[in-house]
Every structure is written in C-alpha cells, then in structure tokens.
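Peer 1: Please work out how this folds:
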Amino acid sequence: MNRKKVVIGMSGGVDSSVAAYLLKEQGYDVIGVTMQIWQDEGAQLQEENGGCCGLEAVEDARRVAASLNIPYYVMNFKAEFQKSVIDYFVDEYMEGRTPNPCIACNRYVKWESLLHRSLLIGADYIATGHYARVEKLPNGRYSLRTCAAGKKDQTYALYNLTQEQLARTLMPAGMYEKAEIRRIAERLRLPVADKPDSQDICFVPDGDYASFIERERNTGFPEGNFVTRDGTVAGRHKGIIHYTVGQRKGLGLAMGYPVFVLEIRPQTNEVMIGSREEALVRCVRADRLNFMSEEDLPQPRRLWAKIRYNHKGAWCMAEKTGPDEILCTFEAPLQGAAPGQALVLYDGEYVFGGGTITGGYRS
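Peer 2: Residues are numbered from 1 along each chain as shown. Reported below is the predicted structural model:
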C-alpha cells in the first residue's frame with residue numbers, strides 16, 4: 001500500500017473534501033490543512049464572508065476531516081497572502097491593470113508557501129480539489145491537462161505553477177465530473193455535500209473592488225475624463241479603479257451607440273472609450289512568462305489561447321519577441337484583452353504556458 005504523505009488544502013468545499021477521501025482510498029497518508037489568510041478580521045465578518053477564507057470554511061473542513069478520520073490543522077498564511085495577493089491586487093488596479101488574484105494565490109500561497117511548509121513536516125506531496133490533471137510528459141516535463149469536468153476546468157488559473165511544484169502536486173478531482181464529486185460526497189454523507197460553490201473573490205465577497213482598494217490604501221481616487229481615441233472628452237469617470245479594459249456596463253455614458261473601455265491611463269487619470277469595432281484586437285502581447293509542457297517557444301507556433309478565465313478560447317500564432325515576451329496573433333478579432341489578466345496557451349489538452357497580458361492591438 002502507498003503510504004506516502006500528502007497535505008491537502010481543504011477549503012471547506014465539496015471538491016477538496018472529496019479529494020481528501022479519494023487520496024485516502026488510494027492509500028496515501030492524508031493530512032488536511034486549511035490556510036488562514038484573512039487580515040485583521042473579526043469573527044463576525046469572517047462568518048459573513050464564508051467562502052474559502054472564513055470561519056465557516058474552517059469548521060466545515062474540520063468536520064469533514066473528522067468524518068474521514070484524518071489529522072487536520074489550520075496554518076496561518078496571513079503575511080504571505082497580504083504580500084502576494086492583496087498588495088498585488090491593489091497595486092495592479094492603481095496602475096490601470098486588471099489583476100487575477102486567484103492565479104497569484106495559487107502560485108505563491110496555495111503552492112509555494114503551503115508546499116514549503118508541507119515539506120518541512122515530511123510530506124511528499126500537496127494536493128487540492130482543483131479540476132485539473134497533473135501529468136509527466138514523454139519529454140520529462142510536467143504539465144497540466146484539462147479535466148474531465150468540461151466547463152469546470154481550472155487549468156487557466158493554474159498555468160503559472162512551476163515544474164518543481166507540479167512534480168509534488170496531486171489533483172484527484174481532475175478525473176471526475178462535478179456531478180460525480182457531489183454524488184461521492186452524498187454517498188459518504190459528508191456535511192458539505194450540498195454546499196454551493198464559492199463564486200466571488202474571497203477577500204471581496206460583495207464584489208465591490210473599488211471600495212476594498214480605497215479601504216486598503218485609506219484614500220479615495222479622483223474623478224477624471226472619459227476620452228475618445230482622438231482626445232475628445234466624452235464625460236467624467238468615477239476613478240480609474242472602477243474600470244477594466246473591455247468593460248461596457250456601468251460607464252454612464254450616452255453616446256448613442258455601445259461604448260467600451262479601450263485603455264486606462266493612470267498617468268493622466270483618463271479612461272479611453274470607443275465603439276465595439278474599436279475594442280476588437282487581433283494581437284495580444286504578454287510578459288512574465290511561464291512555460292509548462294515545453295521549456296520554451298523557439299519557433300512561432302499555432303496554439304489555442306484563452307485571455308480570461310471564462311473565455312472559450314481561440315486559435316493564434318504565438319511567437320517569442322523578447323527574452324520574456326510573446327506576441328499572439330489571433331485568427332479572428334477578439335474583445336477584452338485586459339492588461340494584467342493571464343494569456344494561457346494550450347497544445348491540445350495540455351497547458352503549453354502563459355504570461356501576463358501587457359496589451360491588445362488591432363494589428
């Protein structure tokens with residue numbers, strides 16, 4: 001029997017709970033851990049927030065661990081979460097970019113920090129309830145393979161994991177459909193079998209990012225001008241932290257036609273807007289690259305790409321244009337390539353690599 005030790009991150013949700021059970025069934029010595037990441041938060045607020053960060057998550061995970069008869073601990077990662085997720089999130093919005101805090105949390109907290117601590121206590125692996133599959137390829141590299149759960153696939157948010165992290169990672173839920181995971185939880189009578197999935201960013205449960213940023217920085221952000229591409233002032237905006245490239249709703253402009261955010265300019269406190277046609281791009285650049293299924297991209301290559309989590313994907317020709325930059329030229333125009341979001345490339349079912357979008361261009 002396999003008695004290798006694995007530390008599984010338990011969020012109190014059904015996916016990680018069933019993942020813990022699956023690992024135990026496979027013969028692993030399983031230890032459940034919930035990461036405490038909230039900053040200076042009272043018990044009442046934690047209970048209200050719930051999700052993967054509140055007291056409710058801890059209690060749910062503790063009850064599941066007890067029912068599975070596995071050890072369970074709460075580990076404090078507040079400092080790591082503040083630095084790698086919250087500070088990053090706020091700084092990106094202030095620079096006119098649209099961050100993806102889940103990607104940062106996955107790379108630097110759920111993997112880098114948790115893996116480090118887990119190895120210190122003698123673990124061989126860490127595990128999560130993500131819907132993805134880790135595979136070692138014939139070339140010796142590790143990659144993520146899209147999961148069996150279709151729309152639930154979470155490889156996009158995990159593209160930035162390193163080879164060392166992937167080699168020490170187990171994701172048992174990636175072999176199952178979501179409905180199967182729930183059926184297993186119901187059969188085991190786990191207390192979270194009917195718990196709904198969390199939807200929002202955990203530290204901004206009400207979705208009001210701008211108010212959160214103002215509280216974090218203890219300051220307001222001034223109004224400024226909406227401008228068109230030729231410099232015409234079209235109205236006043238509420239502050240650049242309220243907007244993201246590709247946004248259409250909530251602009252409060254009566255232009256006689258649908259308008260979209262084309263660019264955010266923190267230096268001049270302007271938000272450039274334009275028509276649907278002006279919002280379309282064919283080329284997307286990205287930096288801060290991480291390659292997964294292969295070590296690099298030496299030659300231009302046709303790959304499938306996603307420019308945001310809920311993007312269905314599109315074909316592009318990807319090529320290196322610098323030591324840490326790629327240019328993806330898409331076969332059809334697309335909309336909403338927001339600087340700060342991830343550009344993730346796929347080679348069939350496998351994650352080829354990705355980077356952080358720096359801009360989208362019409363040609």
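Peer 1: so where does Ala332 fall, helix or strand?
Peer 2: According to DSSP states H and E, Ala332 maps onto strand 325-335.
Peer 1: Which strands and helices lie in contact with that strand?
Peer 2: strand 280-291, strand 301-306, strand 314-322, strand 342-347, strand 350-361 (3 or more Cβ pairs under 8 Å, 6 or more residues apart in numbering; DSSP states H and E). For glycine as for every other residue, the C-beta is placed from the backbone atoms N, C-alpha and C.
Peer 1: Go again with 6 Å.
Peer 2: strand 280-291, strand 314-322 (3 or more Cβ pairs under 6 Å, 6 or more residues apart in numbering; DSSP states H and E).
Peer 1: so what strands line up beside that strand?
Peer 2: strand 280-291 (antiparallel), strand 314-322 (antiparallel) (DSSP bridges).
Peer 1: How is the residue nearest to Ile240 when sequence neighbours are not counted assigned, secondary-structure-wise?
Peer 2: Distance criterion Cβ to Cβ, 6 or more residues apart in numbering; nearest residue to Ile240, sequence neighbours excluded, is Ile264 at 5.3 Å. The three-state assignment at Ile264 reads strand, by DSSP: H, G, I helix; E, B strand; the rest coil.
Peer 1: Report the beta-bridge partner residues of Ile264.
Peer 2: Assigned bridge partners for Ile264, using DSSP bridges, are Val271.
Peer 1: surely it meets Gly96?
Peer 2: Yes. Contact criterion Cβ atoms under 6 Å: Ile264 and Gly96 qualify, at 3.5 Å.
Peer 1: neighbour-wise, which of those two wins?
Peer 2: Shown here are Ile264 and Gly96; by other Cβ atoms under 10 Å, Ile264 has more neighbours (26 against 22).
Peer 1: quick one, what contacts the more buried one?
Peer 2: Going by Cβ atoms under 6 Å, 6 or more residues apart in numbering, Ile264 touches Gly96, Ile240, Tyr243, Val271.
Peer 1: By neighbour count, which of the residues you listed wins?
Peer 2: Most surrounded of the contacts of Ile264: other Cβ under 10 Å gives Val271, at 29 neighbours.
Peer 1: I'd guessed that residue sits against Thr228; true?
Peer 2: No. With contact defined as Cβ under 6 Å, Val271 and Thr228 do not form a contacting pair (10.7 Å).
Peer 1: picking up where we left off before, can you convert the contacts of Ile264 into a markdown table and add a column each for distance to Glu278?
Peer 2: Formatted as a markdown table, those follow (distance: Cβ to Cβ, whole Å):
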| residue | distance to Glu278 |
| --- | --- |
| Gly96 | 18 |
| Ile240 | 19 |
| Tyr243 | 16 |
| Val271 | 14 |
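Peer 1: What is the burial count for Leu68?
Peer 2: Neighbours around Leu68, by other Cβ under 10 Å: 20.
Peer 1: List phi and psi for it.
Peer 2: phi -90, psi -10 (degrees, to the nearest 10).
Peer 1: Read off the pLDDT value for it.
Peer 2: The model reports Leu68 with a pLDDT of 96.
Peer 1: which residues touch it?
Peer 2: Contacts of Leu68 (Cβ under 6 Å, 6+ apart): Ala20, Tyr21.
Peer 1: now swap in Ala234 and tell me
Peer 2: Ala234 neighbours (Cβ under 6 Å, 6+ apart): Phe226, Thr228.
Peer 1: Got the phi and psi for it?
Peer 2: phi -110, psi -10.
Peer 1: which neighbours do Ile264 and Gly96 share?
Peer 2: Joint contacts of Ile264 and Gly96 (Cβ under 6 Å, 6+ apart) are Ile240.
Peer 1: Including mean pLDDT, could the helices and strands packed on strand 325-335 go into a markdown table?
Peer 2: Formatted as a markdown table, the helices and strands packed on strand 325-335 follow (pLDDT from 0 to 100):
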| stretch | mean pLDDT |
| --- | --- |
| strand 280-291 | 97 |
| strand 314-322 | 97 |
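Peer 1: Tell me which of those strands is the most buried.
Peer 2: Among those, ranked by average contacts under mean count of other Cβ atoms under 10 Å, first place goes to strand 280-291 (a mean of 19).
Peer 1: which residues sit against stretch 346-356?
Peer 2: Outside stretch 346-356, the residues touching it (Cβ under 6 Å, 6+ apart) are 143-146, 155, 159, 286-293, 303-304, 342-345.
Peer 1: What of stretch 124-140?
Peer 2: When contacts are defined by Cβ under 6 Å, 6+ apart, stretch 124-140 is touched by residues 4-9, 15-16, 19, 23, 114-115, 118, 142-145, 147, 149, 152-155, 158, 166, 168-171, 173-174.
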